[in-house]
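Asks: quick one, structure for this:
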Amino acid sequence: MISYFSELRYKEVIDVHTGRRLGYVCDAELDETEGRLISLITPGKAKFFGLFGREDDYILPWKCIVRIGGDIILVETADDQPRRRRKKEKIFDKMAKNY
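Replies: Numbers count the residues shown, from 1 in each chain. Model prediction:
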């Protein structure tokens, strides 16, 4: 089976131990010098229907990934799973870059 990197965004990430849904893959970290995938990133849970933003993103190192299937990715997470705050970019800064 041949898969494309862009198809990872449509795969749901589930923790094997707890059965908890971590969401869908939103980003990945790559090591350009060695040409390998370091980790997958899934967004944190939405706070109050997304009106108050999101929790920190989950960082899932490659060693945590148990299995990648057709529509699901199974991972083993620890209690102290690393998380990262999403970098926020202001709309005016984004518009200024385009000009």
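Asks: from now on I want contacts and neighbour counts done on CA atoms only, so please keep to that.
Replies: Fine.
Asks: looking at this protein, which strand is longest?
Replies: strand 36-42 (DSSP state E).
Asks: what's that one packed up against?
Replies: strand 21-24, strand 27-31, strand 57-61 (3 or more CA pairs under 8 Å, 6 or more residues apart in numbering; DSSP states H and E).
Asks: doesn't Glu7 lie inside a helix?
Replies: Yes. Applying DSSP: H, G, I helix; E, B strand; the rest coil, one finds Glu7 inside a helix.
Asks: hang on, the earlier thing: out of the helices and strands packed on strand 36-42, the one nearest Leu74 is which?
Replies: When the helices and strands packed on strand 36-42 are compared by CA to CA, strand 21-24 sits nearest Leu74, at 9.7 Å.
Asks: name the residues that touch that closest one?
Replies: Strand 21-24 is contacted by residues 9-15, 42-44, 58 when judged by CA atoms under 8 Å, 6 or more residues apart in numbering.
Asks: picking that back up, okay, the helices and strands packed on strand 36-42, which one's buried deepest?
Replies: Across those, averaging neighbours per residue (mean count of other CA atoms under 10 Å) puts strand 57-61 on top, at a mean of 21.
Asks: residues in contact with the helix or strand following that strand?
Replies: Going down the chain from strand 57-61, the next helix or strand is strand 65-68, by DSSP states H and E. Applying CA under 8 Å, 6+ apart, the contact partners of strand 65-68 are 73-76.
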